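Q: Quick one, fold the following:
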Amino acid sequence: MDISKWRVFTKVAEVLNVTAAADQLDMSQSGVSYILKCLEQETGFPLFIRHPQGVTLTASAQELLPVIHNFLNEKEKVDQTIAQINGMTRGVIRIASYQSIGITWLPEILEQFLHDFPHIHINIWEGGDDDVEHALFNNEVDLAFTSLRERPNFEWIQLATDQLQAIFPEGHRYASKECIPLTLFKDELFITSPGFYEHDVNYFLKMHDVQPENILCHSTEAFSIMAMVRKGLGSSLLFTRIIEAGGLHKLVVKPISPPISRQLGIAIASKEQASPAAKIFIEYAEDIVSVMNDA
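A: Got it, this is the predicted structure:
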(Lines give C-alpha, C1' and ligand atoms only; values in the text may rest on other atoms or scores of the structure.)
Protein backbone atom coordinates (compact mmCIF):
# COMPACT_ATOMS: atom_id res chain seq x y z
CA MET A 1 0.00 0.00 0.00
CA ASP A 2 1.41 3.36 -1.08
CA ILE A 3 1.03 5.60 1.96
CA SER A 4 1.66 8.80 0.01
CA LYS A 5 -1.39 8.12 -2.17
CA TRP A 6 -3.61 7.75 0.86
CA ARG A 7 -2.31 11.02 2.30
CA VAL A 8 -3.53 12.65 -0.90
CA PHE A 9 -6.90 10.95 -0.45
CA THR A 10 -7.30 12.24 3.12
CA LYS A 11 -6.35 15.78 2.08
CA VAL A 12 -8.95 15.82 -0.71
CA ALA A 13 -11.49 14.35 1.74
CA GLU A 14 -10.65 17.19 4.15
CA VAL A 15 -10.99 20.15 1.76
CA LEU A 16 -13.42 18.54 -0.74
CA ASN A 17 -11.72 20.26 -3.63
CA VAL A 18 -9.02 18.77 -5.88
CA THR A 19 -7.47 22.14 -6.78
CA ALA A 20 -7.30 23.28 -3.14
CA ALA A 21 -5.83 19.94 -2.09
CA ALA A 22 -3.21 20.16 -4.82
CA ASP A 23 -2.22 23.66 -3.67
CA GLN A 24 -1.86 22.54 -0.05
CA LEU A 25 0.13 19.46 -1.05
CA ASP A 26 2.30 21.47 -3.46
CA MET A 27 1.24 19.20 -6.31
CA SER A 28 -0.37 19.74 -9.70
CA GLN A 29 -4.12 19.27 -10.03
CA SER A 30 -3.54 16.63 -12.69
CA GLY A 31 -1.17 14.80 -10.33
CA VAL A 32 -3.79 14.67 -7.58
CA SER A 33 -6.46 13.56 -10.05
CA TYR A 34 -4.18 10.79 -11.33
CA ILE A 35 -3.53 9.50 -7.80
CA LEU A 36 -7.26 9.46 -7.04
CA LYS A 37 -7.87 7.53 -10.28
CA CYS A 38 -5.19 5.00 -9.26
CA LEU A 39 -6.75 4.57 -5.81
CA GLU A 40 -10.18 4.01 -7.34
CA GLN A 41 -8.69 1.35 -9.59
CA GLU A 42 -6.97 -0.31 -6.62
CA THR A 43 -10.06 -0.28 -4.40
CA GLY A 44 -12.49 -1.19 -7.14
CA PHE A 45 -14.99 1.55 -6.33
CA PRO A 46 -15.29 5.34 -6.80
CA LEU A 47 -14.07 7.52 -3.96
CA PHE A 48 -15.45 10.92 -4.91
CA ILE A 49 -18.39 12.38 -6.76
CA ARG A 50 -17.24 15.26 -8.93
CA HIS A 51 -19.31 18.43 -9.35
CA PRO A 52 -18.56 22.02 -10.42
CA GLN A 53 -18.01 23.25 -6.84
CA GLY A 54 -15.62 20.44 -5.90
CA VAL A 55 -16.09 16.85 -4.78
CA THR A 56 -18.03 14.87 -2.19
CA LEU A 57 -17.18 11.52 -0.69
CA THR A 58 -19.03 8.47 -1.91
CA ALA A 59 -20.66 6.24 0.71
CA SER A 60 -17.83 3.72 0.25
CA ALA A 61 -15.20 6.42 0.77
CA GLN A 62 -16.96 7.66 3.91
CA GLU A 63 -16.76 4.14 5.31
CA LEU A 64 -13.09 3.86 4.33
CA LEU A 65 -11.93 7.29 5.57
CA PRO A 66 -11.68 6.57 9.35
CA VAL A 67 -9.81 3.33 8.61
CA ILE A 68 -7.29 5.23 6.49
CA HIS A 69 -6.92 7.86 9.24
CA ASN A 70 -6.14 5.08 11.72
CA PHE A 71 -3.68 3.50 9.31
CA LEU A 72 -1.81 6.79 8.76
CA ASN A 73 -1.80 7.48 12.50
CA GLU A 74 -0.21 4.11 13.24
CA LYS A 75 2.41 4.73 10.56
CA GLU A 76 3.18 8.10 12.18
CA LYS A 77 3.55 6.39 15.59
CA VAL A 78 6.06 3.95 14.14
CA ASP A 79 8.05 6.78 12.57
CA GLN A 80 8.00 8.79 15.79
CA THR A 81 9.02 5.81 17.92
CA ILE A 82 12.03 5.30 15.67
CA ALA A 83 12.74 9.03 15.86
CA GLN A 84 12.46 8.94 19.66
CA ILE A 85 15.02 6.16 19.82
CA ASN A 86 17.26 8.35 17.69
CA GLY A 87 16.61 11.47 19.75
CA MET A 88 13.11 12.69 18.72
CA THR A 89 14.21 14.43 15.56
CA ARG A 90 10.92 14.26 13.65
CA GLY A 91 7.18 13.85 13.98
CA VAL A 92 3.80 15.45 13.38
CA ILE A 93 1.22 16.47 15.99
CA ARG A 94 -2.28 17.40 14.86
CA ILE A 95 -4.13 19.62 17.33
CA ALA A 96 -7.70 20.91 17.37
CA SER A 97 -8.43 23.86 19.62
CA TYR A 98 -10.96 26.41 20.75
CA GLN A 99 -10.18 29.97 19.70
CA SER A 100 -9.70 31.10 23.31
CA ILE A 101 -7.07 28.41 23.93
CA GLY A 102 -5.42 29.08 20.58
CA ILE A 103 -4.94 32.68 21.66
CA THR A 104 -3.94 32.20 25.29
CA TRP A 105 -2.26 28.83 25.89
CA LEU A 106 -0.96 27.53 22.59
CA PRO A 107 1.56 30.28 21.77
CA GLU A 108 3.35 29.75 25.09
CA ILE A 109 3.22 25.96 24.83
CA LEU A 110 4.45 25.96 21.23
CA GLU A 111 7.26 28.41 21.93
CA GLN A 112 8.78 26.16 24.59
CA PHE A 113 8.01 22.85 22.91
CA LEU A 114 9.41 23.84 19.50
CA HIS A 115 12.49 25.35 21.14
CA ASP A 116 13.30 21.88 22.50
CA PHE A 117 11.97 19.89 19.52
CA PRO A 118 12.40 22.14 16.48
CA HIS A 119 11.87 19.38 13.94
CA ILE A 120 8.45 18.32 15.18
CA HIS A 121 5.79 19.66 12.84
CA ILE A 122 2.61 21.04 14.43
CA ASN A 123 -0.72 21.22 12.58
CA ILE A 124 -3.23 23.39 14.44
CA TRP A 125 -6.89 23.34 13.54
CA GLU A 126 -9.13 25.96 15.16
CA GLY A 127 -12.88 25.89 14.83
CA GLY A 128 -16.21 25.89 16.57
CA ASP A 129 -17.26 23.33 19.15
CA ASP A 130 -18.94 20.99 16.69
CA ASP A 131 -15.97 21.23 14.31
CA VAL A 132 -13.51 20.32 17.07
CA GLU A 133 -15.70 17.41 18.14
CA HIS A 134 -15.99 16.17 14.56
CA ALA A 135 -12.22 16.29 14.06
CA LEU A 136 -11.67 14.46 17.35
CA PHE A 137 -14.24 11.71 16.80
CA ASN A 138 -13.12 11.12 13.21
CA ASN A 139 -9.49 10.73 14.23
CA GLU A 140 -8.46 13.74 12.15
CA VAL A 141 -6.42 15.11 15.05
CA ASP A 142 -4.24 13.55 17.74
CA LEU A 143 -5.68 15.62 20.57
CA ALA A 144 -8.03 18.50 21.20
CA PHE A 145 -7.92 21.43 23.58
CA THR A 146 -11.58 21.64 24.51
CA SER A 147 -14.08 21.65 27.37
CA LEU A 148 -15.22 18.69 29.42
CA ARG A 149 -18.32 16.89 28.22
CA GLU A 150 -19.53 13.32 27.81
CA ARG A 151 -17.08 11.45 25.57
CA PRO A 152 -17.19 7.73 26.51
CA ASN A 153 -14.31 6.69 24.26
CA PHE A 154 -11.89 9.49 25.13
CA GLU A 155 -9.61 10.28 28.04
CA TRP A 156 -9.68 13.66 29.74
CA ILE A 157 -6.68 15.64 30.99
CA GLN A 158 -7.80 18.51 33.21
CA LEU A 159 -5.94 21.81 32.81
CA ALA A 160 -8.03 24.74 34.10
CA THR A 161 -11.41 26.17 35.01
CA ASP A 162 -13.04 28.91 32.92
CA GLN A 163 -15.73 31.16 34.44
CA LEU A 164 -18.75 32.40 32.49
CA GLN A 165 -19.29 36.16 32.84
CA ALA A 166 -21.64 38.83 31.61
CA ILE A 167 -20.32 41.68 29.48
CA PHE A 168 -21.98 45.05 28.94
CA PRO A 169 -20.96 48.34 27.33
CA GLU A 170 -19.78 51.15 29.58
CA GLY A 171 -22.69 53.09 31.05
CA HIS A 172 -25.12 50.18 30.83
CA ARG A 173 -27.92 50.18 33.40
CA TYR A 174 -26.51 47.00 34.95
CA ALA A 175 -22.95 48.35 35.18
CA SER A 176 -23.32 49.15 38.88
CA LYS A 177 -24.65 45.71 39.83
CA GLU A 178 -22.22 43.46 41.69
CA CYS A 179 -23.67 40.29 40.19
CA ILE A 180 -25.97 39.63 37.25
CA PRO A 181 -28.80 37.08 37.57
CA LEU A 182 -28.72 34.80 34.56
CA THR A 183 -32.48 35.23 34.16
CA LEU A 184 -31.96 38.86 33.11
CA PHE A 185 -30.78 37.63 29.74
CA LYS A 186 -34.25 36.37 28.88
CA ASP A 187 -35.22 39.93 27.92
CA GLU A 188 -31.87 41.67 27.52
CA LEU A 189 -30.74 42.62 23.99
CA PHE A 190 -28.33 39.75 23.43
CA ILE A 191 -25.42 38.99 21.09
CA THR A 192 -24.24 35.40 21.05
CA SER A 193 -22.74 32.54 19.03
CA PRO A 194 -24.80 29.80 17.38
CA GLY A 195 -25.05 26.55 19.30
CA PHE A 196 -22.97 24.55 16.82
CA TYR A 197 -20.06 26.95 17.35
CA GLU A 198 -20.33 27.77 21.06
CA HIS A 199 -21.73 24.70 22.78
CA ASP A 200 -21.03 25.62 26.40
CA VAL A 201 -22.82 28.99 26.66
CA ASN A 202 -25.92 27.62 24.96
CA TYR A 203 -25.78 24.45 27.04
CA PHE A 204 -25.71 26.37 30.32
CA LEU A 205 -28.52 28.70 29.24
CA LYS A 206 -30.66 25.69 28.39
CA MET A 207 -29.71 23.90 31.61
CA HIS A 208 -30.92 26.92 33.64
CA ASP A 209 -34.05 27.32 31.51
CA VAL A 210 -32.99 30.72 30.19
CA GLN A 211 -33.98 31.34 26.58
CA PRO A 212 -32.96 34.82 25.37
CA GLU A 213 -35.91 36.27 23.45
CA ASN A 214 -34.25 39.46 22.21
CA ILE A 215 -31.26 38.28 20.17
CA LEU A 216 -29.68 41.01 18.05
CA CYS A 217 -27.50 38.63 16.06
CA HIS A 218 -25.33 35.50 16.11
CA SER A 219 -21.59 35.60 15.46
CA THR A 220 -18.97 32.86 15.38
CA GLU A 221 -16.25 35.35 16.39
CA ALA A 222 -16.01 36.17 20.09
CA PHE A 223 -13.96 39.31 19.37
CA SER A 224 -16.72 40.52 17.02
CA ILE A 225 -19.25 39.98 19.79
CA MET A 226 -17.09 42.03 22.16
CA ALA A 227 -16.71 44.80 19.57
CA MET A 228 -20.50 45.01 19.13
CA VAL A 229 -21.00 45.13 22.90
CA ARG A 230 -18.45 47.97 23.14
CA LYS A 231 -20.57 49.91 20.63
CA GLY A 232 -23.62 49.52 22.85
CA LEU A 233 -25.46 47.18 20.51
CA GLY A 234 -26.25 44.64 23.21
CA SER A 235 -24.83 42.44 25.95
CA SER A 236 -23.40 38.94 25.97
CA LEU A 237 -22.13 36.00 27.98
CA LEU A 238 -18.55 34.91 27.39
CA PHE A 239 -15.93 32.92 29.26
CA THR A 240 -13.14 34.65 31.15
CA ARG A 241 -10.23 33.53 28.99
CA ILE A 242 -11.64 34.89 25.74
CA ILE A 243 -12.69 38.15 27.47
CA GLU A 244 -9.17 38.67 28.82
CA ALA A 245 -7.67 37.85 25.42
CA GLY A 246 -9.94 40.40 23.73
CA GLY A 247 -9.24 43.18 26.21
CA LEU A 248 -11.49 44.97 28.68
CA HIS A 249 -11.47 48.37 26.94
CA LYS A 250 -14.94 49.98 27.12
CA LEU A 251 -16.44 46.82 28.58
CA VAL A 252 -18.08 46.15 31.93
CA VAL A 253 -17.53 42.55 33.03
CA LYS A 254 -19.68 41.10 35.79
CA PRO A 255 -20.00 37.71 37.49
CA ILE A 256 -23.32 35.94 37.04
CA SER A 257 -25.67 34.22 39.43
CA PRO A 258 -25.68 31.30 39.78
CA PRO A 259 -21.93 30.99 39.17
CA ILE A 260 -21.18 28.89 36.09
CA SER A 261 -17.84 27.51 34.96
CA ARG A 262 -16.51 24.97 32.49
CA GLN A 263 -13.52 22.68 32.71
CA LEU A 264 -10.85 23.10 30.05
CA GLY A 265 -8.30 20.48 29.13
CA ILE A 266 -7.20 17.95 26.56
CA ALA A 267 -9.36 15.21 25.08
CA ILE A 268 -7.48 12.29 23.56
CA ALA A 269 -8.44 8.79 22.47
CA SER A 270 -5.69 7.19 24.55
CA LYS A 271 -2.72 8.89 26.15
CA GLU A 272 -0.97 5.53 26.51
CA GLN A 273 -1.33 4.81 22.79
CA ALA A 274 -0.54 8.35 21.63
CA SER A 275 2.54 9.02 19.53
CA PRO A 276 5.77 9.80 21.41
CA ALA A 277 5.66 13.42 20.23
CA ALA A 278 2.05 13.84 21.38
CA LYS A 279 2.87 12.40 24.82
CA ILE A 280 5.71 14.86 25.31
CA PHE A 281 3.58 17.74 24.03
CA ILE A 282 0.90 16.92 26.61
CA GLU A 283 3.50 16.99 29.37
CA TYR A 284 4.63 20.44 28.22
CA ALA A 285 1.00 21.62 28.10
CA GLU A 286 0.30 20.41 31.63
CA ASP A 287 3.42 22.06 33.05
CA ILE A 288 3.03 25.36 31.21
CA VAL A 289 -0.69 25.81 31.86
CA SER A 290 -0.12 25.02 35.54
CA VAL A 291 2.43 27.86 35.71
CA MET A 292 0.06 30.20 33.83
CA ASN A 293 -2.79 29.35 36.22
CA ASP A 294 -0.58 30.26 39.20
CA ALA A 295 0.58 33.55 37.67
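Q: Next up, the contacts around the nearest residue to residue 181 once chain neighbours are set aside.
A: The spatially closest residue to residue 181, leaving aside those adjacent along the chain, is residue 257, at 5.1 Å (CB to CB, 6 or more residues apart in numbering). For the C-beta atoms, the positions are set from N, CA and C on the backbone; glycine is no exception. With contacts taken as CB atoms under 8 Å, 6 or more residues apart in numbering, residue 257 has the following neighbours: 179, 180, 181, 182.
Q: now the stretch 51-200 of the chain, which segments are flagged as low pLDDT?
A: Across the stretch 51-200 of the chain, residues meeting the criterion (pLDDT under 70) sit at 84-89.
Q: Show me where it has its helices.
A: Taking DSSP state H, counting those that start in this stretch as the criterion, the stretch 51-200 of the chain contains helices spanning 59-85, 99-104, 106-116, 129-137, 199-207.
Q: For residue 286, find the nearest of those.
A: Nearest to residue 286 among the helices of the stretch 51-200 of the chain is helix 106-116 (9.7 Å), distances taken as CB to CB.
Q: just how off-centre is the closest one within its chain?
A: On the basis of CA atoms, centre = their mean, to the nearest Å, helix 106-116 is displaced by 18 Å from the centre of the chain it belongs to.
Q: What residues sit buried inside that helix?
A: Along helix 106-116, these residues count as buried under the neighbour rule (16 or more other CB atoms under 10 Å): 106, 109, 110, 113.
Q: now do stretch 200-209
A: Within stretch 200-209, the residues that qualify as buried are 200, 201, 202, 203, 204, 205, counting by 16+ other CB under 10 Å.
Q: Show me the two of the residues you listed that sit farthest apart.
A: Between all members of the buried residues of stretch 200-209, the longest pairwise span (CB to CB) is found for 200 and 205 and amounts to 9.7 Å.
Q: ok, the residue nearest to residue 181 to residue 162 distance?
A: The spacing between residue 257 and residue 162, counted by CB to CB, to the nearest Å, is 17 Å.
Q: Kindly report the same for residue 241.
A: 5 Å.
Q: any residues in contact with both of the two?
A: With CB under 8 Å, 6+ apart as the test, residue 241 and residue 162 both reach 100, 264.
Q: burial measure for the closest residue to residue 199 other than its chain neighbours, as a count.
A: Distances taken as CB to CB, 6+ apart place residue 129 nearest to residue 199, at 3.8 Å, with adjacent residues excluded. Other residues near residue 129 come to 22 when the count uses other CB atoms under 10 Å.
Q: Looks like residue 129 contacts residue 198 (just checking).
A: Yes - Residue 129 sits in contact with residue 198 when judged by CB atoms under 8 Å, with a separation of 6.3 Å.
Q: measure residue 95 to residue 102 for me?
A: Relative to residue 102, and taking CB to CB, residue 95 is found at 9 Å.
Q: These two: who's more crowded?
A: The neighbour comparison of residue 95 against residue 102 (other CB under 10 Å) goes to residue 95, with 24 against 18.
Q: give me the number of residues near the closest residue to that one other than its chain neighbours?
A: Distances taken as CB to CB, 6+ apart place residue 124 nearest to residue 95, at 5.1 Å, with adjacent residues excluded. Other residues within reach of residue 124 by the criterion other CB under 10 Å amount to 14.
Q: same thing with residue 61?
A: Residue 61: 22 surrounding residues under other CB under 10 Å.
Q: With adjacent residues omitted, what lies nearest to it?
A: Counting by CB to CB, 6+ apart, residue 47 is the residue found nearest to residue 61 once chain neighbours are left out, at 4.3 Å.
Q: show me the contacts for the one you found.
A: Applying CB under 8 Å, 6+ apart as the definition, the contact partners of residue 47 turn out to be 9, 36, 39, 40, 57, 58, 60, 61, 64.
Q: Would you mind measuring from it to residue 272?
A: When distance is defined by CB to CB, residue 47 is 33 Å away from residue 272.
Q: how close does the residue nearest to residue 95 get to residue 15?
A: As defined by CB to CB, residue 124 lies at a distance of 16 Å from residue 15.
Q: what does residue 9 give?
A: Distance, residue 9 to residue 15, by CB to CB: 12 Å.
Q: With residue 177 instead?
A: The spacing between residue 177 and residue 15, counted by CB to CB, is 48 Å.
Q: again with residue 27
A: Distance, residue 27 to residue 15, using CB to CB: 13 Å.
Q: Sheet-wise, list the partners of the longest strand that the chain contains with their directions.
A: Within the chain, and with DSSP state E defining each element, the longest strand by residue count is strand 155-169. Here strand 155-169 has these sheet partners by DSSP bridges: strand 236-239 (antiparallel), strand 251-257 (antiparallel), strand 261-268 (antiparallel).
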